[in-house]
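Asker: Starting from these lines, generate the structure:
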Amino acid sequence: MDRAGIAGQRLVSRYIEPSDAASACLVGRAWVPASGKSPAGPSVVAVRADGVYDLSRAVATMSELLDMPEPAAFARGARGELLGPLAALLSNSDPREHRDDRPWLLAPVDLQAVKAAGVTFAASLLERVVEEQARGDPAAAESIRHSLSSDIGSDLSRIKPGSADAERLRSALKARGLWSQYLEVGIGPDAEIFTKSQPLSAVGFGADVGLHPKSVWNNPEPEIVVLVSSRGGIVGATLGNDVNLRDFEGRSALLLGKAKDNNASAAIGPFVRLFDGSFALSDVEQARVTLVVEGEDDGFVMQGESSMSQISRSVEQLVEAAMGSCHQYPDGMALYLGTMFAPTQDRDRAGGGFTHKLGDIVTVRAERLGCLVNRVNRSDLAPPWLFGTRALMANLAARGLLSAAPVLHARRA
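Answerer: Just a heads-up that it's a prediction; the model follows:
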């Protein structure tokens with residue numbers, strides 16, 4: 001597709017609702033313009049058959065909603081104010097169509113810690129080792145990829161992390177000088193869990209996603225994100241794009257924070273699908289996540305897919321590795337589950353591999369979760385993150401939405 005075709009298309013036209021949307025309990029967040037004496041601010045919303053409803057008078061934050069004993073039942077029964085049809089909010093979430101006097105979607109998380117699990121699929125494990133061996137140089141990746149495939153083998157899916165077979169492979173690779181920090185977390189006993197971004201910093205449907213301006217080798221990572229209550233219960237799921245800088249991380253694992261956590265580098269949404277009688281963790285574990293990247297001015301198209309059935313550790317194991325007796329999150333947690341997709345498709349030249357260009361449109365989809373769509377920009381050009389926790393508390397207070405809800409974990413002030 002030519003530049004005019006991509007640039008002229010509306011992001012809302014790429015949205016695909018869940019295949020069973022009529023039975024899905026979908027909740028999210030939207031920025032609601034000022035009305036009367038009420039200031040503008042973020043609200044928890046529910047998607048219903050006739051449109052998107054503002055639930056802010058019933059529940060102030062997504063964190064509070066997800067900590068309820070039965071979040072789906074509450075969201076379905078709560079009274080709310082109709083904000084408009086879903087298509088209108090999706091359209092107004094595109095920066096090229098945006099109007100401040102109409103509501104638009106935000107990332108469907110607020111006070112939760114935003115964490116991510118890495119190297120969770122054997123299919124993408126080899127690519128992490130390629131990044132490490134290439135030291136951030138995309139030109140060296142292809143030859144290293146072939147060499148490692150011969151030495152290690154590209155199929156590690158039968159190795160259970162932390163098992164006796166994994167330990168034997170680990171010892172053999174160490175003896176051959178082929179051990180890697182990525183193999184350590186890919187087949188070793190401990191999962192990689194890192195901080196993807198700060199509470200309230202994630203971007204939602206339609207927003208620009210950001211790349212560090214110094215990065216020359218980067219990619220999207222299409223993933224499922226699970227939502228976890230403060231008690232450790234997995235209560236829902238959504239989609240995510242764990243924007244990744246392969247050159248930064250490949251140069252040094254100590255640059256992981258710079259590779260992963262930049263302005264607009266965490267996309268989540270568009271909605272959280274709450275677990276209920278129609279959707280459960282077992283459905284997440286069998287989901288297929290698809291990716292489409294469309295270049296704005298070069299006609300490039302890349303497609304990929306991840307199957308959650310191929311994940312190396314269970315979702316429960318990943319949540320337990322992030323949260324438990326040694327590490328609590330009193331406001332809950334959003335956890336990216338990782339991807340088996342690692343792009344190797346050449347874009348500009350043979351052997352050059354893939355990297356983003358500004359204006360790329362990235363679409364992440366799962367049949368029962370819907371569709372997350374974002375444009376690629378630079379982190380220093382995307383809208384800066386200015387609305388943090390203090391701003392949220394002040395805004396909720398000004399709107400009369402703060403409640404005296406009981407604190408579940410109050411052992412430490």
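Asker: Okay, Ala350 and Glu294: tell me how far apart.
Answerer: Applying Cβ to Cβ, to the nearest Å, the value for Ala350 to Glu294 is 21 Å. C-betas here are computed from N, CA, C, even on glycine.
Asker: neighbour count winner among these two?
Answerer: Using other Cβ atoms under 10 Å, the more surrounded residue of Ala350 and Glu294 is Glu294, with 21 against 7.
Asker: What sits closest to that one if chain neighbours are left out?
Answerer: Of all residues not flanking Glu294 in the chain, Ile361 sits nearest, at 4.6 Å (Cβ to Cβ, 6 or more residues apart in numbering).
Asker: cool, Arg368 as well?
Answerer: Residue nearest to Arg368 in three dimensions, not counting chain neighbours: Pro18, with 5.0 Å by Cβ to Cβ, 6+ apart.
Asker: does that neighbour count as helix, strand or coil?
Answerer: Using DSSP: H, G, I helix; E, B strand; the rest coil, the structure places Pro18 in coil.
Asker: Name all residues that make contact with it.
Answerer: Ala24, Leu26, Arg273, Glu367, Arg368, Leu369, Gly370 (Cβ atoms under 8 Å, 6 or more residues apart in numbering).
Asker: Need the max-distance pair from those.
Answerer: Spanning the widest gap among the contacts of Pro18 are Leu26 and Glu367, at 14.1 Å by Cβ to Cβ.
Asker: Pick out whichever of these two has more residues nearby.
Answerer: Shown here are Leu26 and Glu367; by other Cβ under 10 Å, Leu26 has more neighbours (25 against 15).
Asker: Let me know whether that one touches Val44 as I believe.
Answerer: No: Leu26 lies out of contact with Val44 (Cβ atoms under 8 Å); the separation is 11.8 Å.
Asker: circling back: and the gap between the residue nearest to Arg368 and Cys25?
Answerer: In this view, Pro18 and Cys25 are 10 Å apart by Cβ to Cβ.
Asker: again, but for Gly41
Answerer: 24 Å.
Asker: Neighbour count: the two, which is higher?
Answerer: Cys25 (23 against 20).
Asker: who are the neighbours in contact with Trp104?
Answerer: Ala30, Trp31, Leu89, Asn92, Ser93, His98, Gly206.
Asker: May I ask which of the residues you listed has the most neighbours?
Answerer: Tallying neighbours with other Cβ under 10 Å puts Gly206 at the head of the contacts of Trp104, with 29 neighbours.
Asker: what's the closest non-adjacent residue to that residue?
Answerer: The spatial neighbour of Gly206 that comes closest, neighbours along the chain excluded (Cβ to Cβ, 6+ apart), is Ser93 at 3.3 Å.
Asker: hey, what's Ile234 bridged with?
Answerer: Taking DSSP bridges, one finds Val228 as the beta-bridge partners of Ile234.
Asker: Double-check it against Phe275; I have them as touching.
Answerer: Yes: counting by Cβ under 8 Å, Ile234 touches Phe275, with 7.4 Å between them.
Asker: any residues in contact with both of these two?
Answerer: Residues touching both Ile234 and Phe275 by Cβ under 8 Å, 6+ apart: Leu281.
Asker: If you count surrounding residues, which of the two has more?
Answerer: Neighbours were counted for Ile234 and for Phe275 using other Cβ under 10 Å; Phe275 has more, 23 against 19.
Asker: My understanding was that the more buried one contacts Ser282; is that so?
Answerer: No: between Phe275 and Ser282 there is no contact under Cβ under 8 Å: 9.9 Å.
Asker: Let me know whether Lys357 touches Arg378 as I believe.
Answerer: No: judged on Cβ under 8 Å, Lys357 makes no contact with Arg378 at a distance of 11.1 Å.
Asker: Helices of the stretch 101-250 of the chain, start to end?
Answerer: Using DSSP state H, counting those that start in this stretch, the helices found in the stretch 101-250 of the chain span residues 122-134, 141-152, 164-175, 181-187, 246-251.
Asker: pLDDT averaged over stretch 288-296 - what is it?
Answerer: Mean per-residue pLDDT for stretch 288-296: 96.
Asker: Sort out which residues of that stretch are buried, please.
Answerer: Neighbour-count burial for stretch 288-296, counted by 16 or more other Cβ atoms under 10 Å, picks out Val289, Thr290, Leu291, Val292, Val293, Glu294, Gly295, Glu296.
Asker: Strands - which of these land there?
Answerer: Counting by DSSP state E, the part of the buried residues of stretch 288-296 found in strands is Val289, Thr290, Leu291, Val292, Val293, Glu294.
Asker: what are the bridge partners for the second one, then?
Answerer: Beta-bridge pairing for Thr290 (DSSP bridges): Glu305, Arg365.
Asker: Return the residues in contact with it.
Answerer: Contacts of Thr290 by Cβ under 8 Å, 6+ apart are Pro222, Gln303, Gly304, Glu305, Val364, Arg365, Ala366.
Asker: now the residue nearest to Glu294: how far from Val216?
Answerer: For Ile361, the distance to Val216 - Cβ to Cβ - is 20 Å.
Asker: Which residue of those two possesses the greater neighbour count?
Answerer: Higher neighbour count among Ile361 and Val216: Ile361, with 19 against 15, using other Cβ under 10 Å.
Asker: Can you verify my assumption that the more buried one contacts Phe300?
Answerer: No: judged on Cβ under 8 Å, Ile361 makes no contact with Phe300 at a distance of 10.8 Å.
Asker: need the strands for the stretch 51-200 of the chain, in chain order.
Answerer: Assigned by DSSP state E, counting those that start in this stretch, the stretch 51-200 of the chain shows strands spanning 51-54, 81-84, 104-106, 113-118, 192-197.
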